[in-house]
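K.L.:
Okay, structure incoming, though there's no sequence with it:
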């Protein structure tokens, strides 16, 4: 499954994902929907969109942005894949522990 913003809602992107049997959770832009409706039956079907899954995309984006606060992760300062992955694990663990302590208060 691929979740993306409206900027990635082109027909080409949807066709590429559909050809590879990958489910896309990408909402359609208003102007694209209007253009499709204007074409009538030649405009094709509306893009299927799961709003609940799209809302979860925001959670993932916020987690990634919190990880980017770590300089080594944001700039890819660690050169070896092992040390970069260790930084990701350490950062995720610290964020998780902070969230646990804040929610239990």
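P.N.:
Structure received. As the structure is a computational prediction, the values presented were derived from the model and not from experiment.
K.L.:
Give me the domain ranges for this structure.
P.N.:
Per automatic domain parsing, the domain ranges recorded for the chain read 1-63, 68-105.
K.L.:
Rounded mean pLDDT for the shortest one, please.
P.N.:
Summarised as a single mean, pLDDT over domain 68-105 is 83.
K.L.:
now stretch 13-33
P.N.:
The predicted confidence, averaged over stretch 13-33, sits at 87.
K.L.:
How about that stretch, which residues are buried there?
P.N.:
Along stretch 13-33, these residues count as buried under the neighbour rule (16 or more other C-beta atoms under 10 Å): 14, 17, 24-28, 32. The C-beta positions use only the backbone N, C-alpha and C, and glycine is treated the same way.
K.L.:
show me what contacts residue 50?
P.N.:
For residue 50, the contacting residues are residue 25, by C-beta atoms under 8 Å, 6 or more residues apart in numbering.
K.L.:
any idea of the pLDDT on it?
P.N.:
We have a pLDDT of 81 for residue 50.
K.L.:
Break down the chain into its strands, ranges please.
P.N.:
Along the chain, the stretches classed as strands by DSSP state E are 2-3, 24-25.
K.L.:
Same list, those, but as JSON lines with distance to residue 101 please.
P.N.:
As requested, the strands of the chain are exported to JSON lines (distance: least, C-beta to C-beta, whole Å):
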{"stretch": "strand 2-3", "distance to residue 101": "29"}
{"stretch": "strand 24-25", "distance to residue 101": "32"}
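K.L.:
so which of those gets nearest residue 80?
P.N.:
Proximity of these to residue 80 was assessed by C-beta to C-beta; the nearest stretch is strand 2-3, lying at 28.8 Å.
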